[in-house]
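> Below is the structure, and that's it, no one-letter string:
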Ligand code: GLN
């Protein structure tokens, strides 16, 4: 371990902390040090390099050290700062919600593409035009439904979650991003509070899908800090995906799309679950940026076929 620097300037603090994190096996040591120091000082990461000679005052140093210790113990950076970027949006997070993952942007991108089939071509809508409806099951922080609501301003949304604490975070994020008028957050098990009236053009979900045995093997950073109810999907990970697929056909309109994020090697099984309902005419698997099958989507068949 390097000796503490003679003076805790921004640059010396970053260097020392990155070395310290590296020695403790903390992932992304330099980035973690930068994000936590920028957060402590209330500046951007770039600002750190514009002021690298500036010493930290004792109060700043004390606050930074407290965060550094929590990070060393595995607490995720996003919970320490209370923020995470998703789809270029600043999303507030608390330990009540899963930290949005970059690969979940694949779900958003795929949903946007599917929405094009229904989305009004012009803004020339009268007040009588019924809104096009979408829903997200298991909103967590709200990152996905908020990204979609921002991208598709002519749609109205329902955001569902079993956790009241998560819904409070999601509502706050929706308010901060100016979409709270168009996203109706409701506490529910899957789709249970909604009428099955075949109204949805889009139904998206990033449900818990981690199989029990895999969850046991997850890094402490995830297992000890993120809500297990947002990750754990039972023995094979499909405990919630299975009933949602059974329900979804009764809630989606003809030509409407159901899009589910899935875990490693689950895509073929999930595609089969859609297939056996007989309710869908297109069932497709989409890979994420690292080449993993990440989203399964299915299009609701019309009454005539
Ligand atoms: N991809 C998440 C992980 O870090 C799992 C998210 C989920 O279960 N929906 O394991």
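Yes, it's here. Here the structure is a predicted model, which means the values were calculated and not measured.
> you'd agree residue 67 is up against residue 36?
Yes - using CB atoms under 8 Å, residue 67 is in contact with residue 36, at 4.8 Å. C-beta: built from backbone N, CA, C; applies to glycine.
> how about the residues of the stretch 101-250 of the chain near the ligand?
Contact residues, the stretch 101-250 of the chain versus the ligand (CB under 6 Å from any ligand atom): 101, 206-210, 222, 231.
> Of all pairs in those residues, which one is the farthest apart?
207 and 222 (16.4 Å; CB to CB).
> give me the element the nearest residue to residue 87 once chain neighbours are set aside is part of.
Distances taken as CB to CB, 6 or more residues apart in numbering put residue 147 closest to residue 87, at 3.9 Å, once the chain neighbours are dropped. Using DSSP states H and E, residue 147 maps to helix 143-151.
> Not counting that helix itself, show me its contacts.
In this structure, residues lying in contact with helix 143-151 by CB atoms under 8 Å, 6 or more residues apart in numbering are 84, 86-87, 89, 91, 100, 104-105, 107-108, 111-112, 115, 134, 136, 139, 155, 157, 159, 170, 173-174, 177-179, 182-183, 202, 204, 206.
> which residue is nearest the middle of the protein?
Nearest to the mean C-alpha position of the chain, counting by CA atoms, centre = their mean, stands residue 100 at 3.1 Å.
> Who is residue 137 paired with across the strands?
residue 160, residue 205 (DSSP bridges).
> can you tell me which residues contact the closest residue to the ligand within the stretch 1-150 of the chain?
Of all residues in the stretch 1-150 of the chain, residue 101 sits closest to the ligand, at 5.1 Å by CB to the nearest ligand atom. For residue 101, the contact set (CB under 8 Å, 6+ apart) is empty.
> cool, residue 93 as well?
Residue 93 is in contact with 78-79, 82-84, 99-100, 141, 169, counting by CB under 8 Å, 6+ apart.
> do the same with residue 250
Applying CB under 8 Å, 6+ apart, we find residue 250 in contact with 196, 198.
> so what's it scoring on pLDDT?
Listed pLDDT for residue 250 reads 97.
> sorry, back to before: is the residue nearest to the centre of the chain located within a helix, as I assumed?
No - under DSSP: H, G, I helix; E, B strand; the rest coil, residue 100 falls outside any helix and is assigned coil.
> Please state the offset of stretch 236-250 from the chain centre?
Relative to the mean C-alpha coordinate of its chain, stretch 236-250 is positioned 19 Å out (CA atoms, centre = their mean, to the nearest Å).
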